[in-house]
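> Show me the folded form of this:
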Amino acid sequence: MEIMGVSATLLATFAGFGLLIGILFGFFGMGGSFLVTPALLVMGYEPNVAVGSGLAFVFGTSVIATLKHRDLGQVDYKLGLLMIAGTTAGLEVGKIGLEALQHMGLADSVVSVAYVLLLGGIGAFVTREALKGDGGGLDHDVDDVDADDAEIPEIAQTIQSYRVWPMIRLRGGYTVSLWLILGVAFATGLLSGFLGVGGGFIRMPALFYLIGVPVPIAVGTDLFEIVFSGGIGSLLYAQSGAVDLSIVVPLLAGSALGARLGAAATALVAEEDIKVYFGIMLLLGALAVAVRQIGGLLELPVLNTVSLAIILGAALLVSGAVTYSAVRELRSVPSERAVDVDA
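Below you'll find the predicted structure:
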């Protein structure tokens, strides 16, 4: 049986893959093109179709996830718009640097090494910092967070201490200099443009560790930014006919549920657990990219399949852990209330 010229089995596979990625996207604010595009390339799709369809999927999923985070009060629109402005400028400069490396014939090797080091470095840092923490849970009412009492990373505290006018008040009661926000946004955009990636895995930790935004709001605000970047990118590829709806529609069908589940889980899972899962996801991603690059250097196509298996395994492992943690927290709520009543 075929639908839109594609077998029902393949459509079901895309829908299942979309569900897994939707959970990761809603939970971390990243993971779409980072997982979808390599998978499509290994499956034999043309590069422009893989990238264009991946961007269209990212756009649709980010809209769904952002709406859920909005319902939970986890999107800072003011910060999101400022980050978009700074990131856009950084992207242009990063793109210029990448083009310069291409003219020198060094782009592939430099970008690949930088990508692996950045993914691995951020993943290791976030995991180490989370495991050092006290494992405290999330404060679900982000509007009532007291900036003086909340646990803010030391780097973010230092950045917030610079009172350079104008100061911007963020959700949760934090105030940060406009210029420092734009500086962080420019730096993350620069890395994104240089590496040729969406940058969600850079922006989310940057919002938390550099600006001091609580993790759930960092995820929601990052998704809000991706709505714009994914929308523009998918529109450009759609105009050239590089968006394959037989890929995008079933992926979105699965992610429509997954993104809402992942977003809802950020209000249930402890903040330290979110950071641990995020770090593990990046470490596995770095391993997958490294394996693919080694396969290219040694001309061993089988390593591309191994890389894809690592990506799919990472998506299944981490999305399963997220779902399990959220269900565990939900099941613990009635028992906690019962204890309170007895007391």
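> Am I right that V176 is in a helix?
No: read with DSSP: H, G, I helix; E, B strand; the rest coil, V176 is strand and lies in no helix.
> which residues touch it?
Counting by CB atoms under 8 Å, 6 or more residues apart in numbering, V176 touches I159, Q160, M167, I168, L170, I211, G212. Yep, even glycine has a C-beta here, placed from its N, CA and C like the rest.
> buried ones in stretch 293-312?
For stretch 293-312, a neighbour-count test (16 or more other CB atoms under 10 Å) marks Q293, G295, L303, N304, V306, S307, L308, I310, I311, L312 as buried.
> Which ones among those residues map onto helices?
Q293, G295, L303, N304, V306, S307, L308, I310, I311, L312 (DSSP state H).
> which helices and strands sit right next to whatever helix or strand L317 lives in?
Element membership of L317, judged by DSSP states H and E, is helix 302-342. Counting by 3 or more CB pairs under 8 Å, 6 or more residues apart in numbering; DSSP states H and E, the packing neighbours recorded for helix 302-342 are helix 8-28, helix 32-42, helix 245-265, helix 271-298.
> tell me which residues of the first one are tucked away?
Same thing as helix 8-28. 11, 14-15, 17-28.
> any idea how far it is from the chain center?
15 Å (CA atoms, centre = their mean, to the nearest Å).
> Now do it: which elements does it pack against?
So helix 8-28, by 3+ CB pairs under 8 Å, 6+ apart, packs with helix 32-42, helix 47-71, helix 200-206, helix 215-239, helix 245-265, helix 271-298, helix 302-342.
> right, so of those, which gets closest to Y174?
Closest to Y174 of the helices and strands packed on helix 8-28 is helix 215-239 (CB to CB; 9.9 Å).
> I181 versus Q157, what's the distance?
To I181, Q157 is 15 Å away according to CB to CB, to the nearest Å.
> who has more neighbours, the two?
I181 (22 against 11; other CB atoms under 10 Å).
> now the contacts of V176 in TSV, with secondary structure, pLDDT and neighbour count?
Putting the contacts of V176 into TSV (DSSP: H, G, I helix; E, B strand; the rest coil; pLDDT from 0 to 100; neighbours: other CB atoms under 10 Å) gives the following:
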residue	secondary structure	pLDDT	neighbour count
I159	helix	77	20
Q160	helix	77	20
M167	strand	87	14
I168	strand	87	18
L170	coil	81	22
I211	helix	86	26
G212	coil	83	23
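> from the residues you listed, which is closest to L131?
Of all the contacts of V176, L131 sits closest to G212, with 20.2 Å by CB to CB.
> Just confirm the closest one contacts I152, I think it does.
Yes: between G212 and I152 there is a contact at 4.4 Å, judged by CB atoms under 8 Å.
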